[in-house]
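got a structure for you, letters missing:
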């Protein structure tokens with residue numbers, strides 16, 4: 001298949017493995033396809049975080065081998081939000097018998113099912129003795145004093161349940177109200193708690209993420225808008241490996257399996273992020289990190305900031321690609337037909353390819369891209385040539 005653009009009804013499919021020149025115009029898109037996602041390799045999983053005297057902590061890791069077309073995104077994922085954000089609906093679907101069936105959901109007007117909303121406010125290793133006065137400290141606010149000697153002093157905050165607005169710790173699950181203030185974050189996980197060794201090492205309150213079925217097949221639909229904030233004004237919707245939030249999401253030592261920078265370990269998928277460090281508050285970026293390296297939309301081809309409600313659908317395909325589609329609406333029903341999901345999977349606007357060799361046993365779309373040194377106009381004209389496989393039914 002040849003995917004080309006030039007205006008009108010034609011689709012645009014452009015490869016952006018390198019940053020585009022700042023002189024090149026931003027082009028809005030509605031679909032982003034990430035190919036060559038998985039493969040064989042290793043990342044460092046956390047197996048222990050002992051806390052020594054004087055507030056010093058150790059980070060114990062071991063190498064974990066992964067080998068699949070979707071790795072590491074075939075493992076448990078956590079959905080994360082950062083405000084300012086208005087969240088209307090969330091649904092998670094797994095494929096079964098010709099349809100994709102809902103396994104978890106939230107609606108702002110009707111409660112939640114198989115979802116727990118968590119905040120990064122915990123201090124104790126075992127998740128006990130939760131202090132509900134531990135709250136988000138925004139600009140000009142004073143964070144609560146934390147006594148040295150607990151787990152916080154060694155490794156930073158860990159997970160607790162979050163208050164309805166996501167701003168404070170809670171001892172028990174509390175219904176989310178769907179509204180996040182500027183820079184306030186929540187992590188969304190399943191209702192089910194980790195038991196025994198099923199989740200590996202963890203601190204604080206630990207719940208399962210969503211691994212999917214049949215090699216990691218899963219679909220998330222989120223209806224959101226991004227109103228403006230007064231200070232940071234950088235809302236984001238992204239996925240992290242569940243082990244990251246169960247160990248240490250934010251701390252100077254970064255004792256988790258994700259790490260920092262280009263080498264992304266157990267993985268991160270930024271679906272729709274307005275980056276805090278940049279002054280592009282109306283453009284929404286997509287980036288992917290894993291043990292294979294990283295790829296971003298590069299500053300030229302982005303979703304536009306959703307001031308009004310839109311739906312981001314993210315489909316993790318075991319064949320080795322991730323499909324992100326922006327929709328005007330979505331029914332959030334009990335099931336979605338496989339025909340509809342495969343139609344979304346087949347859309348091509350922007351195509352991003354993870355670094356590294358292409359696995360021949362993976363059935364993701366195979367695309368060839370114009371040489372980057374041909375220049376922007378030539379790449380726009382020639383587009384991307386893709387061979388589309390027979391889309392699998394999971």
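Noted; the coordinates are in hand. Computed from a prediction, not measured in an experiment: that's the story for all the values here.

Now do residue 97: how many residues are near it, please.
Around residue 97 there are 9 other residues, counting by other Cβ atoms under 10 Å. Where you see a C-beta, it was placed from the backbone N, CA and C, and this is true even at glycine.

how close does it get to residue 105?
Computed as Cβ to Cβ, to the nearest Å, the residue 97 to residue 105 distance reads 20 Å.

How about residue 127?
As judged by Cβ to Cβ, residue 127 and residue 105 stand 25 Å apart.

Residue 241 too?
Residue 241 sits 22 Å away from residue 105, going by Cβ to Cβ.

just residue 227 next, same as before
Distance check for residue 227 against residue 105: by Cβ to Cβ, it reads 23 Å.

And the two? Which one has more around it.
The neighbour comparison of residue 227 against residue 105 (other Cβ under 10 Å) goes to residue 105, with 20 against 17.

partner strands of the helix or strand containing the more buried one, parallel or antiparallel?
Applying DSSP states H and E as the criterion places residue 105 in strand 99-107. Strand 99-107 sits in its sheet next to strand 85-96 (antiparallel), strand 111-113 (antiparallel), strand 335-337 (antiparallel), going by DSSP bridges.

which residue is nearest the centroid of this protein?
For the chain, the residue nearest the mean C-alpha position is residue 239 (1.8 Å; Cα atoms, centre = their mean).

between the helix or strand hosting it and strand 85-96, how big is the angle?
Taking DSSP H and E as the definition, residue 239 sits inside strand 236-241. Going by axes from the mean of the first three to the mean of the last three Cα atoms, to 10 degrees, strand 236-241 is angled at 40 degrees with respect to strand 85-96.

What's the mean pLDDT across strand 236-241?
Average pLDDT, strand 236-241: 97.

Give the other helices and strands that that strand contacts.
strand 77-82, strand 218-225, strand 268-273 (3 or more Cβ pairs under 8 Å, 6 or more residues apart in numbering; DSSP states H and E).

quick one: contacts of the helix or strand following that strand?
Using DSSP H and E, the next helix or strand after strand 236-241 towards the C-terminus is helix 242-247. Outside of helix 242-247, the residues within contact range by Cβ atoms under 8 Å, 6 or more residues apart in numbering are 45-46, 49, 75-78, 80, 118, 120, 155, 158-159, 187, 189, 194, 199-204, 206, 208-209, 255-258, 266, 268.

Can I have the buried ones of the residues you listed as a PyMOL selection?
Applied in PyMOL, the following selects the buried portion of the contacts of helix 242-247 according to 16 or more other Cβ atoms under 10 Å:
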select buried, resi 45+46+49+75+76+77+78+80+118+120+155+158+159+187+189+194+199+200+201+202+203+204+206+208+209+255+256+257+258+266+268
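
Give me the subset of the contacts of helix 242-247 lying in strands.
Under the assignment DSSP state E, these contribute 45, 46, 77, 78, 80, 118, 120, 158, 159, 187, 189, 268 to strands.

Touching, the first one and residue 200? I think so.
Think residue 45. Yes - with contact defined as Cβ atoms under 8 Å, residue 45 counts as touching residue 200 (6.4 Å).

what bits of the stretch 1-150 of the chain have low per-residue confidence?
Along the stretch 1-150 of the chain, segments meeting pLDDT under 70 span 1-25, 53-55, 139-150.

Try it again at 90.
Counting by pLDDT under 90, the stretch 1-150 of the chain contains low-confidence ranges at 1-29, 50-58, 109-111, 120-150.

now do the stretch 251-394 of the chain
Looking at the stretch 251-394 of the chain by pLDDT under 90, you get 251-255, 259-264, 275-283, 297-302, 349-350, 356-360, 363-394.

now the helices: where do they sit in it?
For the stretch 251-394 of the chain, the helices defined by DSSP state H, counting those that start in this stretch occupy 338-345, 376-382.

Identify the residues contacting the first one?
Contacts to helix 338-345, defined as Cβ under 8 Å, 6+ apart, come from residues 95, 98, 99, 100, 219, 313, 315, 317, 323, 325, 391, 393.

What count of nearby residues applies to residue 63?
Using other Cβ under 10 Å, residue 63 has 9 other residues around it.

Let me know the secondary structure of it.
Following DSSP: H, G, I helix; E, B strand; the rest coil, the label given to residue 63 is strand.

my read: it touches residue 44, true?
Yes - using Cβ under 8 Å, residue 63 is in contact with residue 44, at 6.0 Å.

gap between the two ends of stretch 329-347?
Criterion Cα to Cα, to the nearest Å; first-to-last residue distance in stretch 329-347 is 17 Å.

and it, how far from the chain's centre?
Distance, stretch centre to chain centre, for stretch 329-347: 20 Å (Cα atoms, centre = their mean, to the nearest Å).

Over to stretch 167-177?
That offset, for stretch 167-177, works out to 21 Å (Cα atoms, centre = their mean).

and if you look at stretch 107-114?
With Cα atoms, centre = their mean, you get 21 Å for stretch 107-114.

buried ones in it?
Across stretch 107-114, burial judged by 16+ other Cβ under 10 Å covers 107, 108, 112, 114.

JSON lines for these, including distance to residue 56?
Listed next are those as JSON lines, based on distance: Cβ to Cβ, whole Å:
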{"residue": "107", "distance to residue 56": "45"}
{"residue": "108", "distance to residue 56": "44"}
{"residue": "112", "distance to residue 56": "39"}
{"residue": "114", "distance to residue 56": "39"}
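
Which one of the residues you listed is nearest to residue 332?
Among these, residue 107 lies closest to residue 332 (Cβ to Cβ), at 7.0 Å.
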